[in-house]
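Student: Here is my input, please return the structure:
(one chain, ligands or ions: 1)
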Amino acid sequence: MEEMERLLARAAQSLCEASAVVCLTGAGVSAESGVPTFRDAQSGLWSRFDAAELASPQGFERDPGLVWRWYMWRLKLLEAAAPNPGHIALAELSRTFLKFDLVTQNVDDLHEQAGSVDVIHLHGSLLRFRCRLCAHRHRLTEAERGGEGPPACAACGDLVRPDVVWFGEGLPLDALKAASEAAHGSDVMLVAGTSGLVYPAAQLPLIARQAGATIIDINVERSAISDRAALFLRGKSGEVLPRLARALQSARA
Ligand code: APR
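Tutor: Got it, this is the predicted structure:
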């Protein structure tokens, strides 16, 4: 049996014995769908700008047009993307457990498009917009998408912004609470496609491990999570997750 098969069988065995599973996903899970990771998204056209300029309240204050155009570009990329076999395998896996919580740092909706429900979004959504001042929800028009800058809020006239968590901002408290509770109560935590460098999301595997859960990390390269994981499955999530789902089926048979 090749090494990967052995690791998959061990991971499947842990899942077989688990009654509560949590999965934490990051940008790597959407990479195979053509959604660039945050760092990749700063390539080409946008490489001369740094993250603080494009994704912080201060950056938005300084140059709302620049930030708006960057988000409209990312939105367009996202709308051309479709879920990959990793998203689909997770949605299928989730249906085979009584308790399965999916927590994502991604601002796309590819988990939902693949059929996952009640996804906990820690960093908001690129598909939602709100006023930066009064938080009034805003539905984008075609003209606003192609605009040079953000539209004005219909309720208060201030600027509309993407409903994502920017650097220096707090996470939505309900999402963070739900994710921490799920981590506390889990027997197994799957971690897929995240560098494990951005807190507080990166804290979740630590919470789960302290609570006695087995951590299984899936990544194309070792990450900050891998050393803390009981099992590291190296590879693309779009390939490893479907293999893991099949291994679990065999282990249950
Ligand atoms: N399969 C599995 N892992 C992958 C794949 C793939 N096909 N492609 C890339 N990866 C891994 C990379 O090796 C890296 O460890 O995905 C990880 C992506 O790391 P980041 O770009 O740091 O993404 P993430 O961990 O989601 O970042 C967290 O930081 O950029 C901010 O707010 C943004 O939500 C994001 C947060």
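
Student: where does the stretch 151-253 of the chain come near the ligand, residue by residue?
Tutor: Contact residues, the stretch 151-253 of the chain versus the ligand (C-beta under 6 Å from any ligand atom): 193-195, 197-198, 219-221, 223, 236-238. For every residue, glycine as well, the C-beta is placed using N, CA and C.

Student: quick one: which of the residues you listed sit in strands?
Tutor: Asn219 (DSSP state E).

Student: Return the member of the residues of the stretch 151-253 of the chain next to the ligand nearest to Phe129.
Tutor: Val198 (22.7 Å; C-beta to C-beta).

Student: ok now do the nearest residue to the closest one once chain neighbours are set aside, which residues does it touch?
Tutor: Closest residue to Val198 apart from its sequence neighbours, by C-beta to C-beta, 6 or more residues apart in numbering: Gln105 at 6.9 Å. If a contact means C-beta atoms under 8 Å, 6 or more residues apart in numbering, then Gln105 has 24-27, 122-123, 194, 198, 201 as its contacts.

Student: Closest one to the ligand out of those residues, please.
Tutor: Using C-beta to the nearest ligand atom, Gly26 is the member of the contacts of Gln105 that sits closest to the ligand, with 2.6 Å.

Student: Verify the stated contact: that closest one with Ala202.
Tutor: No: Gly26 is beyond contact range of Ala202, at 9.4 Å (criterion: C-beta atoms under 8 Å).

Student: intersection of neighbour lists for the two?
Tutor: 194, 196.
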